[in-house]
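[1] coordinates for the following, if possible.
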Amino acid sequence: MPKHRIARRAFLQLTTLSAAGLALSLPARAGTPTAPASAKLGAALIGMLEGPTILRDPAIFPKKFQEAPMLVELVKAGKLPALAQRLPEPSDLMVLKPVHEIGKYGGRWRRGFTGPADNENGNRICSADKILMWDYTGNVVAPALAKDWRLSDDGRVTTIFLRKGLKWSDGHPCTADDFLFWYEDMYLNKELVPTPTPEFTVNGKPGVMRKRDDYTVVFEFPDPNFLFVDILAGDTNLGNGQATGMGRGWFMGGYAPAHYLKQFLPKYSSLDEVQQRAKAANYDSWKSHFRFRMNWTLNTELPVLCPWKTVSAINTPTWALERNPYFWAVDTAGNQLPYIDRIVMTLAENLEVLNLRAIAGEYDLQERHTSLSKLPVFLENQKKGNYRVRLDTSQGGADAILMCNLAYEADPEIAKWLTTRDFRRALSLGIDREQLNEAFWLGLGATGSAAPAEEVAISPGKEYRKKWSTLDAAQANRLLDQIGLTQKDGSGYRLRTDGKGRVRIELMAVGGSFVPYPQIAEMIKEHWQKIGIDADVKETERGLAFTRAENAEHHIMFWSAAGSENLFLFPYYVLPVDPSVAPVGMPFARWYATNGTQGKKPTNPEMLRAFELYRSAPGKKGPERIKLAQEIWRIIVDECWAIGTVGNSPAFMGLRVVKNTMGNIPDRQTNAQHARTPNTSYPATFYFKAEKS
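    Below you'll find the predicted structure:
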């Protein structure tokens, strides 16, 4: 097994946190044992990377099976079939060896969430329903919904083998027909998915999905696609499963419950009938009604394949989940998973409230929205709150990036500057990243570009972590002068060349996220005063922000580059190639995804070169793909269309607050988008050591 390094060299050099007077000194490798008790306190915050083991040999599978007491009672009452009728065939089970021990049934996992837009809070916990996944290291593709897979020697055919006897949460069989339904009736339905995902193409040519038999699905491509297995395991439109692909409100995921969703499609009745259904449910069209019906976070009737199903919707003050009695995984002792009966997420009015509740010990396990800036307070209150703190570092280059909208058109003057490379470089050179790091990351982050950490295979090179990404106001001012922004007003701000006042850049910063984007934007606004650029910070709700980005209405949007350390699996925030999300230029993503039949062709030759490199990746095997990704990253950094600030830290879902009563919680878990953190830790194996109500 490859050794797993800490993503951030500076974790070796952590110094005193004055707010709590706590000295932190972290180990050089997260894969080494944690330091002894006599070591400094911080050594315990990053432990050994560990996780559950997926067994693959049916010969060592358990022969007898048990279920949760709450299900035993339902079986006795005749409300549920016997366990043997609910599980897949014994040789087709998902069998997990928990990270520490066999758990106990029962309990209610308490968490906090921030409202209807916070679907990822549950999607990630329930991502066991992906077609394939990654093991706990984040480096090896592993089975999930599919028990096995096969890639042909020429890379053109990927075969997926489903678990025989697999069932939806309502007891209906799940077969290849559910995959074919998604492909033919959802993905190929232009009214639902007008623009195909690039992940289902190779060299611009679409792949196809076929049913070989009831439990075998085949993906075929006209050219080699050696990347496709990774795509099925990643956080991608085809591989992210029902919980994520539909929980996000997209018509993605790779499969869907045909027996339930057919009734809401015109094809299976009539347009009039489905419109009437929509009207009766207070929806304006069958499409919006269908979007609701296929979303597991909203529709409590929807059959699912994940460990827990929604029983109280996300648009209520309490988003509640309850165990899926037909879940298809067991532990090595034959206990049907999950161990925990319920997950209850309570709405927090804002992030401050959520963090205060976590500090007070009101949550059993919370890694989402816990603020790194409050680390000293969390540490101070561990004993009082009966919890422990763990840090999970990431390899993403930037927890906060500035995504320049190169497709902006509403104001020709602003559009001219956003599409000027030296203007973007000047903006980047005008940012004091060290001040940001100290103010918002407690000095724990790595300052630099959006490029991934140096130890990541696709890193473009050490120099690209700093290229155009260190404070140099003098050079920034020279660049702005050279491109013609020489006139200034009495306050020193640069004037537009069309005579309409200052050059004012709007910074759209999503509020209520993992890092305080609006506050970071305000500090950058102050930095830019020294180079004569005025900024207007607009704190924006997440859903509205991404809608504006979809319509290419923003100037610059703040978000995270998390996931882009696996560029071919998650390019959304640094390269506009997928119309699902493309804040750098949605029209360009549509152009790329449709081979020029929709959207707008970029005028930037370097973007076109990056597109060609990206398009060629599926036909290349691993080592060649790494070289392609490195070259694309060099372009991204050099062009500054995604400007990095601070990253390689635990700020983005890497601060875990864990109640001492919880078991099977890894000391450290892979913190990465492609791993759907905490999915690779398999939350279905978490349990309560003490009895919970």
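[2] what packs against the helix or strand containing V229?
    Using DSSP states H and E, V229 sits within helix 228-233. Helices and strands touching helix 228-233, as assessed by 3 or more C-beta pairs under 8 Å, 6 or more residues apart in numbering; DSSP states H and E, comprise strand 132-134, strand 141-143, strand 146-151, strand 157-162. (Each C-beta comes from the backbone N, C-alpha and C, glycine too.)
[3] quick one: closest of those strands to E273.
    Checking the helices and strands packed on helix 228-233 against E273 by C-beta to C-beta gives strand 157-162 as the closest, at 31.6 Å.
[4] and the closest one, what's its mean pLDDT?
    Average pLDDT, strand 157-162: 98.
[5] for Y283, which of the helices and strands packed on helix 228-233 is the nearest?
    Of all those, strand 157-162 comes closest under C-beta to C-beta, at 32.5 Å.
[6] orientation of that closest one relative to strand 146-151 in degrees?
    170 degrees (axes from the mean of the first three to the mean of the last three C-alpha atoms, to 10 degrees).
[7] tell me where the stretch 201-350 of the chain has helices.
    228-233, 241-247, 258-261, 271-280, 286-293 (DSSP state H, counting those that start in this stretch).
[8] export those helices to CSV and tack on distance to L442?
    Formatted as CSV, the helices of the stretch 201-350 of the chain follow (distance: least, C-beta to C-beta, whole Å):
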stretch, distance to L442
helix 228-233, 34
helix 241-247, 31
helix 258-261, 47
helix 271-280, 50
helix 286-293, 41
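[9] now the ones you listed as TSV including mean neighbour count, mean pLDDT and distance to F378?
    Formatted as TSV, the helices of the stretch 201-350 of the chain follow (neighbours: other C-beta atoms under 10 Å; pLDDT from 0 to 100; distance: least, C-beta to C-beta, whole Å):
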stretch	mean neighbour count	mean pLDDT	distance to F378
helix 228-233	24	96	33
helix 241-247	29	92	28
helix 258-261	20	98	42
helix 271-280	14	96	46
helix 286-293	19	97	38
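[10] which of the ones you listed sits closest to A320?
    Short answer: helix 241-247, nearest of the helices of the stretch 201-350 of the chain by C-beta to C-beta, at 15.1 Å.
[11] on that earlier part again, for Y573, find the nearest of the helices of the stretch 201-350 of the chain.
    So among the helices of the stretch 201-350 of the chain, helix 241-247 is nearest, using C-beta to C-beta, at 16.7 Å.
[12] got a list of contacts for that closest one?
    119-120, 122-124, 126-127, 129-131, 144-145, 235, 237, 251-257, 294-297, 304-306, 676 (C-beta atoms under 8 Å, 6 or more residues apart in numbering).
[13] next one: stretch 586-602
    Against stretch 586-602 from outside (C-beta under 8 Å, 6+ apart): 194-198, 201, 204, 406-407, 549-552, 576-579, 582, 585, 607-608, 611, 615.
[14] roughly how far is it from the heart of the chain?
    Mean C-alpha position of stretch 586-602 versus that of the full chain (C-alpha atoms, centre = their mean, to the nearest Å) differs by 24 Å.
[15] any weak-confidence spans in this structure?
    Scanning the chain for pLDDT under 70 picks out the ranges 1-44, 691-693.
[16] which residue of it sits farthest from its center?
    Within the chain, the residue lying farthest from the chain centre (C-alpha atoms, centre = their mean) is G490, at 45.3 Å.
[17] can you point me to the longest helix in the protein?
    helix 622-639 (DSSP state H).
[18] report the next helix or strand after that helix in sequence order.
    Immediately after helix 622-639, counting by DSSP H and E, sits strand 642-644.
[19] in its sheet, which strands sit next to that next one, and in what direction?
    Here strand 642-644 is paired, per DSSP bridges, with strand 401-404 (antiparallel).
[20] just the CA coordinates for the partner strand, please, in CSV.
    Output in CSV follows, covering the C-alpha atoms of strand 401-404 (Å, rounded to 0.1, in the frame of the first residue of the first chain):
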residue,chain,number,x,y,z
ILE,A,401,-10.0,30.5,-5.8
LEU,A,402,-11.1,33.5,-7.8
MET,A,403,-12.8,32.1,-11.0
CYS,A,404,-12.7,34.7,-13.7
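[21] go ahead and confirm L429 touches L479.
    Yes - counting by C-beta atoms under 8 Å, L429 sits close enough to L479 to count as a contact (7.4 Å).
[22] now do the helices in the stretch 51-200 of the chain.
    Under DSSP H, counting those that start in this stretch, the stretch 51-200 of the chain gives helices at 69-76, 83-86, 120-123, 176-181.
[23] coming back round to it: to T318, which of the helices of the stretch 201-350 of the chain lies closest?
    Across these, closest to T318 is helix 241-247 (C-beta to C-beta), at 17.3 Å.
[24] which SSE is immediately downstream of the helix or strand hosting M557?
    For M557, the host element (DSSP H and E) is strand 556-559. Next in sequence after strand 556-559, counting helices and strands by DSSP H and E, comes helix 586-593.
[25] so S449 sits in a strand?
    No - S449 is assigned coil when assessed by DSSP: H, G, I helix; E, B strand; the rest coil, not a strand.
[26] list the contacts for it?
    397-398, 428, 464-469, 637, 643-644.
[27] how about the nearest residue to the most centrally placed residue in the chain, chain neighbours excluded?
    Nearest to the geometric centre of the chain sits Q673, at 4.2 Å (C-alpha atoms, centre = their mean). In space, and not counting its chain neighbours, Q673 is closest to G563: 2.9 Å by C-beta to C-beta, 6 or more residues apart in numbering.
[28] okay but that neighbour is in contact with V574, surely?
    No - in this structure, G563 is not within contact of V574 by C-beta under 8 Å, at 9.3 Å.
[29] so the two - more neighbours on which side?
    With neighbours defined as other C-beta atoms under 10 Å, G563 and V574 compare such that V574 has more, 27 against 22.
[30] which residues does the closest residue to that one other than its chain neighbours form beta bridges with?
    Computed as C-beta to C-beta, 6+ apart, the closest residue to V574 that is not its neighbour in sequence is A642, at 4.2 Å. Beta-bridge pairing of A642 under DSSP bridges involves M403.
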